[in-house]
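*Asks:* sequence and predicted structure are below.
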Amino acid sequence: MGVKTLDELVAYQQAVAFKLAVYAIVNGSDAAQQDFRYRSQLFDAAASVEGNIAEGWGRCQTAEMQQFLRYARASLEEA
């Protein structure tokens with residue numbers, strides 16, 4: 001029995017949790033409140049992990065899914 005929806009995919013669930021944790025940490029930081037460019041870049045990278053997994057899922061082809069998972073991993077490393 002495999003994964004039938006994106007929300008069942010553990011990597012996607014973890015990406016969402018990661019994004020929310022980053023948002024919480026950054027929003028609680030005085031430095032991030034003053035440096036909007038840093039904050040924006042970090043938020044974009046954290047959100048991109050989830051977005052790339054979702055986009056790969058929507059492609060429905062193994063090679064494309066793998067490529068978007070590589071993009072997601074790169075965004076995770078950036079964040």
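*Replies:* On my side now, so go ahead. Numbers count the residues shown, from 1 in each chain.

*Asks:* for the protein, where's the lowest mean pLDDT among helices and strands?
*Replies:* Sorting the helices and strands of the chain by mean pLDDT, DSSP states H and E puts helix 30-34 at the bottom, at a mean of 76.

*Asks:* may I see the buried residues of the helix of greatest length in the chain?
*Replies:* Counting residues, the longest helix found in the chain (DSSP state H) is helix 36-59. If you call a residue buried by 16 or more other CB atoms under 10 Å, then helix 36-59 has these buried ones: 39, 42-43, 45-57. Every C-beta, even on glycine, is put in place using the N, C-alpha and C of the backbone.

*Asks:* what's the neighbour count on L69?
*Replies:* 15 (other CB atoms under 10 Å).

*Asks:* next up, identify which helix or strand it is on.
*Replies:* With elements taken from DSSP states H and E, the one containing L69 is helix 62-78.

*Asks:* only alpha carbons, please: show that helix as PDB.
*Replies:* Only the C-alpha atoms of helix 62-78 are listed here, as PDB (Å, rounded to 0.1, in the frame of the first residue of the first chain):
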ATOM      1  CA  THR A  62       9.800   9.400 -11.500                       C
ATOM      2  CA  ALA A  63      12.600  11.400 -13.200                       C
ATOM      3  CA  GLU A  64      10.800  14.700 -12.600                       C
ATOM      4  CA  MET A  65       9.900  13.800  -9.000                       C
ATOM      5  CA  GLN A  66      13.600  13.000  -8.400                       C
ATOM      6  CA  GLN A  67      14.700  16.400  -9.800                       C
ATOM      7  CA  PHE A  68      12.300  18.300  -7.700                       C
ATOM      8  CA  LEU A  69      13.400  16.300  -4.600                       C
ATOM      9  CA  ARG A  70      16.900  17.500  -5.400                       C
ATOM     10  CA  TYR A  71      15.700  21.100  -5.600                       C
ATOM     11  CA  ALA A  72      13.900  20.600  -2.200                       C
ATOM     12  CA  ARG A  73      17.100  19.200  -0.600                       C
ATOM     13  CA  ALA A  74      19.000  22.200  -2.000                       C
ATOM     14  CA  SER A  75      16.500  24.600  -0.500                       C
ATOM     15  CA  LEU A  76      16.700  22.700   2.800                       C
ATOM     16  CA  GLU A  77      20.400  23.100   2.800                       C
ATOM     17  CA  GLU A  78      20.100  26.800   2.000                       C
END
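
*Asks:* okay then, goodbye and thanks.
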